[in-house]
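Visitor: coords below, sequence missing:
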């Protein structure tokens, strides 16, 4: 009797290359979807995020545009 083998991949998409590669093919099976670019809303709320000491990952270019 053969055993089923399962591979579990854990990671944050956009931060780790493995997570992005594992998650991108999955979006094709869920029908219609949208991708929301939240850069503009982050610009408006950046002062609140700084006061709350929330974690926010930005590229250097995004950070320099917000400061």
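Guide: Structure's in. What do you need? Here the structure is a predicted model, which means the values were calculated and not measured.
Visitor: for the protein, give me the ranges with low pLDDT.
Guide: Scanning the chain with the threshold set as pLDDT under 70 gives 1, 7-34, 42, 49-57, 67.
Visitor: can we see that at 80?
Guide: The model of the chain has pLDDT under 80 over residues 1-2, 4-60, 62-63, 65-67.
Visitor: residue 35: neighbour count?
Guide: Neighbour count for residue 35, taken as other Cβ atoms under 10 Å: 5. C-betas here are computed from N, CA, C, even on glycine.
Visitor: residue 66 versus that one, what's the distance?
Guide: Distance from residue 35 to residue 66, counting by Cβ to Cβ, to the nearest Å: 21 Å.
Visitor: likewise residue 36?
Guide: 18 Å.
Visitor: again with residue 45
Guide: Distance, residue 45 to residue 66, by Cβ to Cβ: 10 Å.
Visitor: mind listing the shared neighbours of the two?
Guide: Common neighbours of residue 45 and residue 66 (criterion: Cβ atoms under 8 Å, 6 or more residues apart in numbering): none identified.
Visitor: more neighbours, residue 36 and residue 66?
Guide: Neighbour count, other Cβ under 10 Å: between residue 36 and residue 66, residue 66 has more, with 15 against 5.
Visitor: any figure for the gap between that one and residue 60?
Guide: Residue 66 sits 11 Å away from residue 60, going by Cβ to Cβ.
Visitor: now do residue 39
Guide: According to Cβ to Cβ, residue 39 and residue 60 sit 14 Å apart.
Visitor: more neighbours, those two?
Guide: Taking neighbours as other Cβ under 10 Å, residue 39 and residue 60 compare with residue 39 leading, 10 against 7.
Visitor: count the neighbours of the closest residue to that one other than its chain neighbours for me.
Guide: If the residues on either side of it in the chain are set aside, residue 39 comes closest to residue 62, at 6.9 Å by Cβ to Cβ, 6 or more residues apart in numbering. Neighbours of residue 62 under the rule other Cβ under 10 Å: 15.
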